[in-house]
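Asks: A structural model of the following input is requested.
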Amino acid sequence: RHSTNPVIPLIVDAKGNAILPRAHASGEAMSGGRSTRHREDKAYKRRYNLDEERSVGPWNRAKTLLECRDLLTNSPLAIAISGTLERNVVGMSGLTPEAKTGDKAWDDAAEEHFREWCKIADYRGRTNFAGLQRLCIPTRLSDGIVAFVMTDTGQLQGIEAERIATPSDKARDGSIINGCKLDSTGRVAGWYVHARNQHGGVSADYEFVDAVDMIFLTAPFRFDQIFGHPDLAAAINPLKDLDDFKLSTLLTARLQSRQAVAIKTEQGAGRSAMMSAKDATEDTAQKRVKEEFDGYTAKHYLETGEAIENIANPTPGPQFVGYTEQQGQDITALFGLPWDFVTMNFHKGSFAQSKAALSLAYKTIQAWQIWLRDGLCQRVWNWVIARAIKFGDLPPAPVDSRGFSTWYKVDWTFPDREWIDPKDAIDAEMAEFRMGKTTLSRITGKTGAAWEDTLRQKAKELQVAKQIETEFGLQPGDLVNAYTNAQAPIQPGAANVA
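Replies: Numbers count the residues shown, from 1 in each chain. The predicted structure follows:
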(Lines give C-alpha, C1' and ligand atoms only; values in the text may rest on other atoms or scores of the structure.)
Protein backbone atom coordinates (compact mmCIF):
# COMPACT_ATOMS: atom_id res chain seq x y z
CA ARG A 1 0.00 0.00 0.00
CA HIS A 2 1.24 3.47 -0.87
CA SER A 3 0.36 6.79 0.74
CA THR A 4 -0.90 9.76 -1.22
CA ASN A 5 2.00 11.93 -0.04
CA PRO A 6 3.51 13.33 -3.24
CA VAL A 7 6.84 14.22 -1.59
CA ILE A 8 7.90 11.09 0.35
CA PRO A 9 6.07 7.93 -0.73
CA LEU A 10 5.40 5.70 2.26
CA ILE A 11 5.77 1.95 1.85
CA VAL A 12 4.32 -0.33 4.52
CA ASP A 13 5.40 -3.94 4.96
CA ALA A 14 3.16 -6.90 5.89
CA LYS A 15 3.42 -6.04 9.61
CA GLY A 16 2.43 -2.44 9.08
CA ASN A 17 5.93 -1.00 9.57
CA ALA A 18 6.78 2.01 7.46
CA ILE A 19 9.67 1.60 5.03
CA LEU A 20 11.31 4.68 3.59
CA PRO A 21 12.64 4.34 0.07
CA ARG A 22 16.40 4.42 -0.43
CA ALA A 23 17.59 7.87 -1.42
CA HIS A 24 19.77 8.32 -4.46
CA ALA A 25 23.28 9.75 -3.79
CA SER A 26 22.76 12.81 -5.96
CA GLY A 27 24.32 15.44 -3.68
CA GLU A 28 21.39 17.74 -4.46
CA ALA A 29 20.52 18.39 -0.81
CA MET A 30 23.63 20.54 -0.37
CA SER A 31 24.19 23.17 -3.01
CA GLY A 32 27.94 23.11 -2.39
CA GLY A 33 28.13 19.60 -3.83
CA ARG A 34 26.22 20.38 -7.02
CA SER A 35 27.66 21.53 -10.33
CA THR A 36 25.74 24.17 -12.26
CA ARG A 37 26.46 26.31 -15.27
CA HIS A 38 27.54 29.03 -12.84
CA ARG A 39 29.72 26.95 -10.53
CA GLU A 40 31.64 23.72 -10.94
CA ASP A 41 32.28 21.34 -8.08
CA LYS A 42 35.98 20.62 -7.62
CA ALA A 43 35.90 17.69 -5.22
CA TYR A 44 36.03 14.79 -7.67
CA LYS A 45 38.66 16.58 -9.75
CA ARG A 46 40.98 17.28 -6.81
CA ARG A 47 40.25 14.63 -4.21
CA TYR A 48 39.22 11.06 -3.54
CA ASN A 49 37.30 9.71 -0.58
CA LEU A 50 40.52 8.53 1.06
CA ASP A 51 42.62 9.43 4.05
CA GLU A 52 44.50 12.69 3.69
CA GLU A 53 47.91 11.16 2.95
CA ARG A 54 46.65 9.07 0.01
CA SER A 55 44.36 11.84 -1.18
CA VAL A 56 47.23 14.32 -1.46
CA GLY A 57 49.95 11.94 -2.58
CA PRO A 58 53.73 12.29 -2.20
CA TRP A 59 54.35 14.06 -5.52
CA ASN A 60 51.74 16.75 -4.95
CA ARG A 61 53.01 17.20 -1.40
CA ALA A 62 56.58 17.64 -2.64
CA LYS A 63 55.57 20.26 -5.22
CA THR A 64 53.52 22.17 -2.64
CA LEU A 65 56.43 22.10 -0.21
CA LEU A 66 58.77 23.60 -2.80
CA GLU A 67 56.27 26.30 -3.72
CA CYS A 68 55.89 27.27 -0.05
CA ARG A 69 59.65 27.42 0.48
CA ASP A 70 59.99 29.58 -2.61
CA LEU A 71 57.45 32.00 -1.17
CA LEU A 72 59.33 32.19 2.12
CA THR A 73 62.41 33.11 0.11
CA ASN A 74 60.98 35.53 -2.46
CA SER A 75 57.53 36.78 -1.44
CA PRO A 76 57.74 39.91 0.77
CA LEU A 77 54.33 39.28 2.33
CA ALA A 78 55.07 35.61 3.10
CA ILE A 79 58.37 36.64 4.69
CA ALA A 80 56.56 39.30 6.72
CA ILE A 81 53.98 36.78 7.97
CA SER A 82 56.70 34.34 9.01
CA GLY A 83 58.73 37.08 10.70
CA THR A 84 55.69 38.38 12.55
CA LEU A 85 54.95 34.93 13.94
CA GLU A 86 58.58 34.28 14.86
CA ARG A 87 58.95 37.56 16.74
CA ASN A 88 55.72 37.21 18.67
CA VAL A 89 55.39 33.45 19.21
CA VAL A 90 59.00 32.75 20.20
CA GLY A 91 60.74 36.10 20.54
CA MET A 92 64.43 36.34 21.34
CA SER A 93 64.50 34.14 24.45
CA GLY A 94 61.97 31.50 23.40
CA LEU A 95 59.50 29.80 25.70
CA THR A 96 61.18 29.45 29.11
CA PRO A 97 60.34 26.91 31.87
CA GLU A 98 59.67 27.29 35.57
CA ALA A 99 59.75 24.05 37.54
CA LYS A 100 56.73 23.52 39.83
CA THR A 101 57.50 20.53 42.04
CA GLY A 102 57.19 22.60 45.22
CA ASP A 103 60.77 21.89 46.26
CA LYS A 104 62.63 25.17 45.70
CA ALA A 105 66.11 23.65 45.80
CA TRP A 106 65.23 20.93 43.31
CA ASP A 107 63.33 23.39 41.07
CA ASP A 108 66.30 25.76 40.95
CA ALA A 109 68.69 22.92 40.12
CA ALA A 110 66.40 21.59 37.36
CA GLU A 111 65.97 25.04 35.79
CA GLU A 112 69.72 25.63 35.88
CA HIS A 113 70.39 22.25 34.26
CA PHE A 114 67.86 23.00 31.51
CA ARG A 115 69.31 26.48 30.85
CA GLU A 116 72.72 24.96 30.35
CA TRP A 117 71.30 22.25 28.07
CA CYS A 118 69.57 24.93 25.95
CA LYS A 119 73.00 26.20 24.91
CA ILE A 120 73.91 22.83 23.30
CA ALA A 121 70.41 21.70 22.27
CA ASP A 122 71.16 21.57 18.55
CA TYR A 123 72.83 18.33 17.43
CA ARG A 124 74.61 20.20 14.64
CA GLY A 125 75.78 22.97 16.98
CA ARG A 126 74.36 25.74 14.79
CA THR A 127 71.91 27.33 17.24
CA ASN A 128 70.44 27.02 20.72
CA PHE A 129 67.02 25.83 21.90
CA ALA A 130 65.45 29.27 21.36
CA GLY A 131 66.77 29.17 17.79
CA LEU A 132 65.24 25.74 17.24
CA GLN A 133 61.93 27.06 18.50
CA ARG A 134 62.08 29.94 16.02
CA LEU A 135 62.83 27.55 13.16
CA CYS A 136 59.63 25.68 13.98
CA ILE A 137 57.56 28.62 12.70
CA PRO A 138 58.76 28.86 9.06
CA THR A 139 59.10 25.07 8.94
CA ARG A 140 55.44 24.56 9.78
CA LEU A 141 54.47 27.29 7.32
CA SER A 142 56.37 25.67 4.43
CA ASP A 143 56.47 21.95 5.31
CA GLY A 144 53.37 21.40 7.43
CA ILE A 145 55.39 19.32 9.91
CA VAL A 146 58.22 19.87 12.38
CA ALA A 147 60.33 16.84 13.26
CA PHE A 148 63.21 16.29 15.68
CA VAL A 149 65.13 13.12 16.46
CA MET A 150 66.09 12.86 20.13
CA THR A 151 69.64 11.60 19.69
CA ASP A 152 71.73 9.41 21.99
CA THR A 153 73.88 12.46 22.79
CA GLY A 154 70.90 14.14 24.45
CA GLN A 155 70.47 16.70 21.66
CA LEU A 156 67.82 17.47 19.04
CA GLN A 157 68.42 16.84 15.35
CA GLY A 158 66.00 18.66 13.08
CA ILE A 159 64.60 16.58 10.19
CA GLU A 160 63.16 18.32 7.14
CA ALA A 161 59.99 16.96 5.56
CA GLU A 162 61.45 15.48 2.38
CA ARG A 163 63.80 13.27 4.40
CA ILE A 164 60.82 11.32 5.77
CA ALA A 165 59.88 9.03 2.88
CA THR A 166 59.00 5.43 2.11
CA PRO A 167 62.13 3.48 1.12
CA SER A 168 62.05 2.03 -2.37
CA ASP A 169 62.52 -1.51 -1.01
CA LYS A 170 59.36 -1.11 1.10
CA ALA A 171 57.14 0.51 -1.51
CA ARG A 172 54.65 -2.38 -1.42
CA ASP A 173 54.25 -2.31 2.36
CA GLY A 174 50.74 -0.97 2.91
CA SER A 175 51.47 -0.11 6.52
CA ILE A 176 53.98 2.57 5.47
CA ILE A 177 52.53 5.89 4.31
CA ASN A 178 54.96 8.54 3.10
CA GLY A 179 57.66 7.17 5.37
CA CYS A 180 55.43 6.71 8.41
CA LYS A 181 55.13 3.15 9.74
CA LEU A 182 51.74 2.34 11.32
CA ASP A 183 50.97 -0.60 13.61
CA SER A 184 47.85 -2.75 13.37
CA THR A 185 45.81 -0.22 15.38
CA GLY A 186 46.78 2.73 13.17
CA ARG A 187 49.18 4.23 15.72
CA VAL A 188 52.52 5.59 14.55
CA ALA A 189 55.23 3.00 15.17
CA GLY A 190 58.12 4.94 13.68
CA TRP A 191 59.55 6.88 10.78
CA TYR A 192 61.89 6.12 7.89
CA VAL A 193 64.40 8.98 7.87
CA HIS A 194 66.69 9.32 4.85
CA ALA A 195 70.13 10.89 4.89
CA ARG A 196 71.26 13.67 2.58
CA ASN A 197 73.85 12.84 -0.06
CA GLN A 198 76.97 14.84 -0.86
CA HIS A 199 75.01 17.07 -3.25
CA GLY A 200 72.39 17.98 -0.65
CA GLY A 201 69.68 15.76 -2.09
CA VAL A 202 67.83 12.95 -0.32
CA SER A 203 69.79 9.73 -0.31
CA ALA A 204 68.41 6.22 -0.69
CA ASP A 205 70.09 5.36 2.62
CA TYR A 206 67.68 5.46 5.53
CA GLU A 207 67.29 4.68 9.19
CA PHE A 208 64.15 3.63 11.03
CA VAL A 209 63.43 5.86 14.04
CA ASP A 210 61.01 4.61 16.69
CA ALA A 211 58.12 6.91 17.48
CA VAL A 212 59.34 7.31 21.08
CA ASP A 213 62.59 8.79 19.76
CA MET A 214 60.96 11.32 17.42
CA ILE A 215 59.22 14.59 18.21
CA PHE A 216 56.69 15.16 15.44
CA LEU A 217 54.61 18.34 15.41
CA THR A 218 51.78 19.00 13.02
CA ALA A 219 48.45 20.81 12.84
CA PRO A 220 46.01 18.38 11.20
CA PHE A 221 42.41 19.13 10.32
CA ARG A 222 41.24 15.49 10.02
CA PHE A 223 41.16 12.71 12.61
CA ASP A 224 42.91 10.20 10.35
CA GLN A 225 45.54 12.67 9.20
CA ILE A 226 49.22 12.02 9.94
CA PHE A 227 51.02 14.81 8.09
CA GLY A 228 49.86 18.39 8.32
CA HIS A 229 49.43 20.66 5.34
CA PRO A 230 51.78 23.65 5.06
CA ASP A 231 50.02 26.72 6.43
CA LEU A 232 51.14 28.60 3.33
CA ALA A 233 49.52 26.06 0.97
CA ALA A 234 46.16 27.83 0.75
CA ALA A 235 47.92 31.15 0.18
CA ILE A 236 50.22 30.01 -2.65
CA ASN A 237 48.08 31.26 -5.53
CA PRO A 238 46.92 34.50 -3.83
CA LEU A 239 50.50 35.38 -2.88
CA LYS A 240 51.82 34.64 -6.37
CA ASP A 241 48.97 36.61 -7.97
CA LEU A 242 49.63 39.59 -5.69
CA ASP A 243 53.38 39.55 -6.42
CA ASP A 244 52.73 39.18 -10.18
CA PHE A 245 50.25 42.07 -10.07
CA LYS A 246 52.78 44.33 -8.36
CA LEU A 247 55.49 43.33 -10.84
CA SER A 248 53.21 43.94 -13.83
CA THR A 249 52.27 47.34 -12.43
CA LEU A 250 55.93 48.20 -11.97
CA LEU A 251 56.81 47.16 -15.51
CA THR A 252 53.89 49.14 -16.91
CA ALA A 253 54.97 52.21 -14.95
CA ARG A 254 58.48 51.86 -16.30
CA LEU A 255 57.24 51.67 -19.88
CA GLN A 256 54.98 54.67 -19.36
CA SER A 257 57.84 56.63 -17.84
CA ARG A 258 59.83 56.51 -21.10
CA GLN A 259 60.21 59.86 -22.80
CA ALA A 260 58.56 59.85 -26.23
CA VAL A 261 59.84 62.08 -29.04
CA ALA A 262 58.66 62.36 -32.62
CA ILE A 263 61.12 62.83 -35.49
CA LYS A 264 59.81 64.28 -38.76
CA THR A 265 61.38 65.63 -41.95
CA GLU A 266 60.06 68.04 -44.55
CA GLN A 267 59.86 65.20 -47.07
CA GLY A 268 57.91 62.87 -44.73
CA ALA A 269 59.12 60.13 -42.47
CA GLY A 270 62.48 60.30 -40.71
CA ARG A 271 64.98 57.48 -41.31
CA SER A 272 67.85 56.23 -39.21
CA ALA A 273 70.70 54.37 -40.92
CA MET A 274 72.18 53.14 -37.63
CA MET A 275 69.13 51.19 -36.41
CA SER A 276 69.24 47.41 -36.21
CA ALA A 277 66.61 44.72 -35.87
CA LYS A 278 67.24 44.16 -32.18
CA ASP A 279 66.27 47.69 -31.12
CA ALA A 280 63.83 48.70 -33.81
CA THR A 281 60.52 47.70 -35.36
CA GLU A 282 59.46 47.93 -38.99
CA ASP A 283 56.38 49.19 -40.69
CA THR A 284 55.22 46.00 -42.41
CA ALA A 285 53.48 47.87 -45.21
CA GLN A 286 56.38 50.00 -46.38
CA LYS A 287 59.21 48.01 -44.74
CA ARG A 288 60.42 51.20 -43.15
CA VAL A 289 61.73 51.58 -39.62
CA LYS A 290 59.18 53.43 -37.44
CA GLU A 291 60.52 53.31 -33.84
CA GLU A 292 63.67 52.85 -31.83
CA PHE A 293 64.41 52.74 -28.10
CA ASP A 294 67.41 54.42 -26.55
CA GLY A 295 67.48 53.82 -22.80
CA TYR A 296 64.31 55.44 -21.51
CA THR A 297 63.64 57.42 -24.68
CA ALA A 298 61.27 56.11 -27.34
CA LYS A 299 61.88 57.72 -30.74
CA HIS A 300 59.04 57.60 -33.23
CA TYR A 301 59.62 58.36 -36.93
CA LEU A 302 56.37 59.82 -38.22
CA GLU A 303 54.94 60.32 -41.66
CA THR A 304 53.56 63.70 -42.64
CA GLY A 305 50.25 64.17 -40.89
CA GLU A 306 50.91 61.55 -38.18
CA ALA A 307 50.88 62.41 -34.47
CA ILE A 308 51.51 60.62 -31.16
CA GLU A 309 48.57 60.15 -28.83
CA ASN A 310 49.01 58.83 -25.29
CA ILE A 311 46.27 56.28 -24.70
CA ALA A 312 47.68 54.69 -21.52
CA ASN A 313 46.51 55.66 -18.03
CA PRO A 314 49.08 56.73 -15.44
CA THR A 315 50.37 53.73 -13.49
CA PRO A 316 49.87 52.91 -10.70
CA GLY A 317 46.30 54.14 -10.76
CA PRO A 318 44.27 55.48 -7.84
CA GLN A 319 42.90 51.99 -7.08
CA PHE A 320 46.32 50.34 -6.78
CA VAL A 321 46.81 50.81 -3.03
CA GLY A 322 43.25 49.90 -2.15
CA TYR A 323 43.31 46.76 -4.29
CA THR A 324 46.67 45.50 -3.03
CA GLU A 325 45.70 46.16 0.59
CA GLN A 326 42.45 44.25 0.14
CA GLN A 327 44.31 41.30 -1.35
CA GLY A 328 46.85 41.49 1.47
CA GLN A 329 44.09 41.54 4.07
CA ASP A 330 42.53 38.42 2.57
CA ILE A 331 45.90 36.65 2.70
CA THR A 332 46.82 37.62 6.26
CA ALA A 333 43.32 36.63 7.39
CA LEU A 334 44.19 33.05 6.37
CA PHE A 335 46.73 33.09 9.20
CA GLY A 336 44.47 34.81 11.73
CA LEU A 337 46.57 37.98 11.62
CA PRO A 338 45.32 41.51 10.91
CA TRP A 339 46.90 43.25 7.94
CA ASP A 340 47.98 46.21 10.07
CA PHE A 341 49.72 43.87 12.52
CA VAL A 342 51.76 42.16 9.81
CA THR A 343 52.73 45.37 8.02
CA MET A 344 53.24 47.25 11.33
CA ASN A 345 51.21 50.11 9.89
CA PHE A 346 48.56 51.46 12.28
CA HIS A 347 48.30 55.01 10.96
CA LYS A 348 44.90 54.52 9.32
CA GLY A 349 43.07 53.05 12.28
CA SER A 350 41.89 54.70 15.47
CA PHE A 351 43.37 53.84 18.83
CA ALA A 352 40.46 51.49 19.58
CA GLN A 353 40.81 49.77 16.18
CA SER A 354 44.56 49.29 16.64
CA LYS A 355 44.04 47.89 20.11
CA ALA A 356 41.37 45.49 18.83
CA ALA A 357 43.70 44.37 16.03
CA LEU A 358 46.43 43.61 18.56
CA SER A 359 44.01 41.70 20.77
CA LEU A 360 42.88 39.51 17.85
CA ALA A 361 46.46 38.99 16.71
CA TYR A 362 47.54 37.85 20.16
CA LYS A 363 44.83 35.20 20.21
CA THR A 364 46.45 33.70 17.11
CA ILE A 365 49.89 34.10 18.67
CA GLN A 366 48.71 32.29 21.80
CA ALA A 367 47.37 29.38 19.75
CA TRP A 368 50.80 28.97 18.11
CA GLN A 369 52.50 29.21 21.50
CA ILE A 370 50.32 26.50 22.99
CA TRP A 371 51.02 24.31 19.95
CA LEU A 372 54.76 24.83 20.44
CA ARG A 373 54.61 24.38 24.20
CA ASP A 374 52.64 21.14 24.19
CA GLY A 375 54.21 19.62 21.09
CA LEU A 376 57.87 20.50 21.63
CA CYS A 377 58.84 22.31 24.81
CA GLN A 378 57.05 20.11 27.34
CA ARG A 379 58.26 16.92 25.75
CA VAL A 380 61.83 18.24 25.58
CA TRP A 381 61.71 19.19 29.28
CA ASN A 382 60.50 15.71 30.20
CA TRP A 383 63.25 14.11 28.14
CA VAL A 384 66.11 16.35 29.30
CA ILE A 385 65.21 16.20 33.00
CA ALA A 386 64.58 12.42 32.89
CA ARG A 387 68.03 11.89 31.36
CA ALA A 388 69.59 14.13 34.00
CA ILE A 389 68.00 12.09 36.80
CA LYS A 390 68.93 8.82 35.12
CA PHE A 391 72.61 9.76 34.74
CA GLY A 392 72.88 11.37 38.17
CA ASP A 393 73.12 14.99 37.05
CA LEU A 394 70.01 15.73 39.11
CA PRO A 395 68.69 14.03 42.25
CA PRO A 396 65.34 12.26 42.04
CA ALA A 397 62.46 14.70 41.86
CA PRO A 398 60.04 15.15 44.79
CA VAL A 399 56.93 12.97 44.84
CA ASP A 400 53.33 14.06 45.24
CA SER A 401 50.78 12.80 47.77
CA ARG A 402 50.23 9.68 45.66
CA GLY A 403 53.91 8.84 45.63
CA PHE A 404 54.39 9.77 41.96
CA SER A 405 57.42 11.75 40.83
CA THR A 406 56.74 15.38 39.90
CA TRP A 407 59.74 15.87 37.59
CA TYR A 408 57.43 16.75 34.70
CA LYS A 409 55.63 19.61 36.47
CA VAL A 410 56.63 22.88 34.85
CA ASP A 411 55.06 26.14 33.70
CA TRP A 412 56.14 27.81 30.47
CA THR A 413 56.53 31.56 30.16
CA PHE A 414 55.73 33.10 26.78
CA PRO A 415 57.54 36.17 25.36
CA ASP A 416 56.35 39.58 26.42
CA ARG A 417 53.76 41.31 24.26
CA GLU A 418 54.07 44.87 23.04
CA TRP A 419 51.02 47.04 23.56
CA ILE A 420 50.02 50.38 22.10
CA ASP A 421 49.45 51.64 25.64
CA PRO A 422 52.12 50.08 27.89
CA LYS A 423 50.56 51.65 31.00
CA ASP A 424 47.31 49.79 30.40
CA ALA A 425 49.26 46.54 30.02
CA ILE A 426 51.16 47.17 33.25
CA ASP A 427 47.98 48.04 35.11
CA ALA A 428 46.38 44.83 33.83
CA GLU A 429 49.36 42.77 35.01
CA MET A 430 49.22 44.44 38.45
CA ALA A 431 45.53 43.65 38.73
CA GLU A 432 46.10 40.02 37.72
CA PHE A 433 48.97 39.79 40.22
CA ARG A 434 46.80 41.09 43.04
CA MET A 435 43.98 38.72 42.16
CA GLY A 436 46.38 35.78 42.00
CA LYS A 437 45.91 35.16 38.27
CA THR A 438 49.62 35.54 37.59
CA THR A 439 52.93 35.48 39.44
CA LEU A 440 56.03 37.62 39.54
CA SER A 441 57.98 34.84 37.84
CA ARG A 442 55.62 34.87 34.86
CA ILE A 443 55.73 38.64 34.57
CA THR A 444 59.54 38.84 34.66
CA GLY A 445 59.87 35.68 32.56
CA LYS A 446 58.31 37.45 29.57
CA THR A 447 61.55 39.37 29.18
CA GLY A 448 63.71 36.32 29.82
CA ALA A 449 64.64 37.39 33.36
CA ALA A 450 64.45 35.27 36.50
CA TRP A 451 62.15 36.69 39.16
CA GLU A 452 64.66 36.18 41.98
CA ASP A 453 67.38 37.97 39.99
CA THR A 454 64.96 40.83 39.43
CA LEU A 455 64.22 41.16 43.14
CA ARG A 456 67.89 40.98 44.07
CA GLN A 457 68.77 43.65 41.52
CA LYS A 458 65.99 45.85 42.84
CA ALA A 459 67.27 45.40 46.41
CA LYS A 460 70.80 46.36 45.32
CA GLU A 461 69.54 49.51 43.62
CA LEU A 462 67.57 50.54 46.69
CA GLN A 463 70.63 49.95 48.87
CA VAL A 464 72.80 52.10 46.58
CA ALA A 465 70.12 54.82 46.56
CA LYS A 466 70.27 55.00 50.38
CA GLN A 467 74.06 55.26 50.27
CA ILE A 468 73.88 58.15 47.79
CA GLU A 469 71.34 59.93 50.00
CA THR A 470 73.81 59.82 52.87
CA GLU A 471 76.72 60.86 50.65
CA PHE A 472 74.98 63.97 49.32
CA GLY A 473 73.19 64.92 52.53
CA LEU A 474 69.72 64.21 51.27
CA GLN A 475 66.85 63.48 53.53
CA PRO A 476 66.36 59.75 54.15
CA GLY A 477 63.90 58.45 51.62
CA ASP A 478 64.24 61.25 49.04
CA LEU A 479 65.71 59.02 46.35
CA VAL A 480 64.09 55.86 47.60
CA ASN A 481 60.61 57.35 47.65
CA ALA A 482 61.08 58.82 44.18
CA TYR A 483 62.42 55.48 42.94
CA THR A 484 59.65 53.39 44.51
CA ASN A 485 56.77 55.79 44.04
CA ALA A 486 55.19 53.51 41.46
CA GLN A 487 56.36 50.37 43.22
CA ALA A 488 54.81 50.77 46.65
CA PRO A 489 54.35 47.48 48.48
CA ILE A 490 50.92 45.93 48.15
CA GLN A 491 49.00 46.10 51.40
CA PRO A 492 46.61 43.30 52.29
CA GLY A 493 42.95 44.11 52.03
CA ALA A 494 40.16 44.48 49.54
CA ALA A 495 41.28 47.96 48.52
CA ASN A 496 44.21 46.49 46.61
CA VAL A 497 41.92 44.53 44.33
CA ALA A 498 40.09 47.59 43.03
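
Asks: which parts of stretch 441-460 are buried?
Replies: 441, 442, 443, 444, 445, 446, 449, 450, 451, 454 (16 or more other Cβ atoms under 10 Å). In this view, the C-beta of every residue, glycine as well, is placed from N, C-alpha and C.

Asks: roughly how far apart are the closest residue to the last one other than its chain neighbours and residue 401?
Replies: Sequence neighbours aside, residue 444 is the residue nearest to residue 454 in space, at 4.7 Å (criterion: Cβ to Cβ, 6 or more residues apart in numbering). Here the distance between residue 444 and residue 401 works out to 30 Å (Cβ to Cβ, to the nearest Å).

Asks: Please apply the same query to residue 192.
Replies: In this view, residue 192 and residue 401 are 44 Å apart by Cβ to Cβ.

Asks: Over to residue 429?
Replies: Distance, residue 429 to residue 401, using Cβ to Cβ: 32 Å.

Asks: Comparing these two, which residue is more hemmed in?
Replies: It is residue 429, of residue 429 and residue 401, that has more neighbours when counted by other Cβ atoms under 10 Å, with 16 against 5.

Asks: Settle this for me: the more buried one is touching residue 443, isn't it.
Replies: Yes - between residue 429 and residue 443 there is a contact at 5.6 Å, judged by Cβ atoms under 8 Å.

Asks: tell me the contacts of the residue nearest to residue 454?
Replies: With contact taken as Cβ atoms under 8 Å, 6 or more residues apart in numbering, residue 444 is in contact with 450, 451, 454.

Asks: between those residues, which is closest to residue 347?
Replies: Closest to residue 347 out of the contacts of residue 444 is residue 454 (35.4 Å), distances taken as Cβ to Cβ.

Asks: So the closest one lies in a strand, does it not?
Replies: No - counting by DSSP: H, G, I helix; E, B strand; the rest coil, residue 454 is not found in a strand; it is helix.

Asks: Give me the pLDDT value at it.
Replies: Looking at residue 454, its pLDDT reads 82.

Asks: and it, how far is that from residue 436?
Replies: With the distance defined as Cβ to Cβ, residue 454 ends up 19 Å from residue 436.

Asks: where in the chain is pLDDT low?
Replies: Applying pLDDT under 70 to the chain flags residues 1-35, 37-41, 44-45, 258-313, 349, 351, 418-421, 446-449, 482-498.

Asks: The stretch 251-400 of the chain: helices as residue ranges?
Replies: Taking DSSP state H, counting those that start in this stretch as the criterion, the stretch 251-400 of the chain carries its helices at 320-333, 339-343, 351-372, 378-390.

Asks: Distance to residue 196 and mean neighbour count for these - can I get that in JSON lines?
Replies: JSON lines is the format used below for the helices of the stretch 251-400 of the chain (distance: least, Cβ to Cβ, whole Å; neighbours: other Cβ atoms under 10 Å):
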{"stretch": "helix 320-333", "distance to residue 196": "33", "mean neighbour count": "15"}
{"stretch": "helix 339-343", "distance to residue 196": "33", "mean neighbour count": "19"}
{"stretch": "helix 351-372", "distance to residue 196": "26", "mean neighbour count": "16"}
{"stretch": "helix 378-390", "distance to residue 196": "24", "mean neighbour count": "17"}
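
Asks: Would you format these as JSON lines with distance to residue 99 included?
Replies: Output for the helices of the stretch 251-400 of the chain, formatted as JSON lines (distance: least, Cβ to Cβ, whole Å):
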{"stretch": "helix 320-333", "distance to residue 99": "38"}
{"stretch": "helix 339-343", "distance to residue 99": "34"}
{"stretch": "helix 351-372", "distance to residue 99": "19"}
{"stretch": "helix 378-390", "distance to residue 99": "8"}
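
Asks: check which helix or strand covers residue 204.
Replies: strand 202-210 (DSSP states H and E).
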